[in-house]
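S.K.: return a 3D structure for these sequence lines:
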Amino acid sequence: MATIEFSGPVLVSSSEERHGMWSVDGTLTFVRPAKAPDRVLDGWVLPGFVDAHCHIGLGAGGAVDEQATLAQAQADLDAGTLLIRDAGSPSDTRWVQQRADLPRLIRAGRHIARSRRYLRGLGHEIDPGDLVETVRKEARDGDGWVKLVGDWIDRGVGDLAASFPAGVVRDAISAAHDEGARVTAHCFAEDTIDDMLDANIDCIEHATGLLPRHLPRLVEQSVPIVPTLVNIATFPDIAAQAAPKFPHYADHMVRLWERRRERVLEAFESGVEIYAGTDAGSVIKHGRIADEMKELHDAGLPPEAVLDAAAWRARAWLGEDGISEGASADVVLCSEDPRQDLQAVANLSHIVLRGSVVR
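M.R.: This is a model prediction of the structure:
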């Protein structure tokens, strides 16, 4: 494996910059090696990006084959995403974790949804009485995360509604915690967030129904949100398709979309932890982490906060190293300081995964 010298500024955090770093046998060090480097890479060095809401092995109709899964992972890698938190997949993607040439993957198993209340082929569709045991199983099968579908359209009421009774959700999340797993939940609607916070959820996905009453609770309970703004951009199309049969649902989805950026900025200003996730999989194409970062910036987050959401702080939240002595050499290089010009993350000059130069 090549010894690499990084000749440019090394961003150890959003506020700390160092000079003089190398990759030796796939490991980062700030101690100059005796051996001359095989390659010298110039640019601003950051930890490899994190997509905190991504679906490897998932397509529009459900599970995809290994060739399609490989293409998804490669697209993410080419965008500088070197760590993925899977947010639900019907495919067994353990083989991805064995590939040194693909991003690191933290699996959450399959979505857990209400019977006949979700997209076909994506998740376990169960009745409330089966929720606790299904959560226990997924907690044991995954890599420390379980994914619930907290709400979805209820055609009987013509609008978004909770998937499971609040008491059952509390029992299920408690069961996951007993198994040593964290739980995250798909939440579009306002009241769903209340139910999840009451149940001691560990993370909220999408969070389009975020209201001022939720903010202090999210902070107090240390519950982050992953807004997936590139996916929320599809809400007007969803509403247009649904409007003839479900006008209340369509109007609700449009209102959630209209306030998407305002809600994210309010959360940030209140001290809620925010992480970058694309929701790539069934609808969104893979490799769009730079687009999600731009969306967070357009919502009002400063570049340093956006980079934290997709790099340093996101890695720490998932228990993975960033840039430190002895860490795996999983880094990306920008030709300009991304703290000054966030657009630099969309045009990476180099990508290094496990000490191998991908680009």
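
S.K.: average model confidence for stretch 286-298?
M.R.: The pLDDT scores in stretch 286-298 average 98.

S.K.: this structure: helices as residue ranges?
M.R.: Secondary structure of the chain (DSSP state H): helices at 66-78, 94-97, 131-141, 166-178, 190-198, 215-220, 229-232, 235-242, 247-258, 260-270, 289-298, 303-310, 312-317.

S.K.: which one of the ones you listed lies closest to residue 154?
M.R.: For residue 154, the closest of the helices of the chain is helix 247-258, at 8.8 Å, according to C-beta to C-beta. C-beta: built from backbone N, CA, C; applies to glycine.

S.K.: related to what we said a few turns ago, turn the helices of the chain into a markdown table, including distance to residue 122 and mean neighbour count.
M.R.: Below are the helices of the chain laid out as a markdown table (distance: least, C-beta to C-beta, whole Å; neighbours: other C-beta atoms under 10 Å):
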| stretch | distance to residue 122 | mean neighbour count |
| --- | --- | --- |
| helix 66-78 | 15 | 18 |
| helix 94-97 | 18 | 15 |
| helix 131-141 | 14 | 19 |
| helix 166-178 | 19 | 19 |
| helix 190-198 | 18 | 21 |
| helix 215-220 | 27 | 15 |
| helix 229-232 | 14 | 23 |
| helix 235-242 | 16 | 15 |
| helix 247-258 | 19 | 18 |
| helix 260-270 | 23 | 18 |
| helix 289-298 | 21 | 22 |
| helix 303-310 | 25 | 23 |
| helix 312-317 | 24 | 21 |
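
S.K.: quick one: closest of those helices to residue 281.
M.R.: Nearest of these to residue 281, taken as C-beta to C-beta: helix 66-78 at 7.7 Å.

S.K.: got the angle for the closest one vs helix 289-298?
M.R.: Using axes from the mean of the first three to the mean of the last three C-alpha atoms, to 10 degrees, the inter-axis angle of helix 66-78 relative to helix 289-298 is 50 degrees.

S.K.: for helix 66-78, give me every contacting residue.
M.R.: Residues from elsewhere that reach helix 66-78 (C-beta atoms under 8 Å, 6 or more residues apart in numbering): 51, 54, 56-57, 59, 64, 84, 91, 93, 95-96, 99, 102-103, 105, 280-281, 285-287, 289, 351, 353, 358-359.

S.K.: adding distance to residue 19, write the helices of the chain out as TSV.
M.R.: Formatted as TSV, the helices of the chain follow (distance: least, C-beta to C-beta, whole Å):
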stretch	distance to residue 19
helix 66-78	27
helix 94-97	34
helix 131-141	44
helix 166-178	43
helix 190-198	44
helix 215-220	36
helix 229-232	34
helix 235-242	45
helix 247-258	44
helix 260-270	31
helix 289-298	25
helix 303-310	19
helix 312-317	18
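
S.K.: of all those helices, which one is nearest residue 29?
M.R.: Residue 29 lies closest, by C-beta to C-beta, to one member of the helices of the chain: helix 312-317, at 18.3 Å.

S.K.: related to what we said a few turns ago, could you flag which of the contacts of helix 66-78 are buried?
M.R.: With burial judged by 16 or more other C-beta atoms under 10 Å, the buried subset of those is 51, 54, 56-57, 59, 64, 84, 91, 93, 96, 102-103, 105, 280-281, 286-287, 289, 351, 353, 358.

S.K.: model confidence at the most centrally placed residue in the chain, what's the number?
M.R.: Computing the C-alpha centroid of the chain and ranking residues by C-alpha atoms, centre = their mean puts residue 52 first, at 1.5 Å. Note for residue 52: predicted pLDDT of 98.
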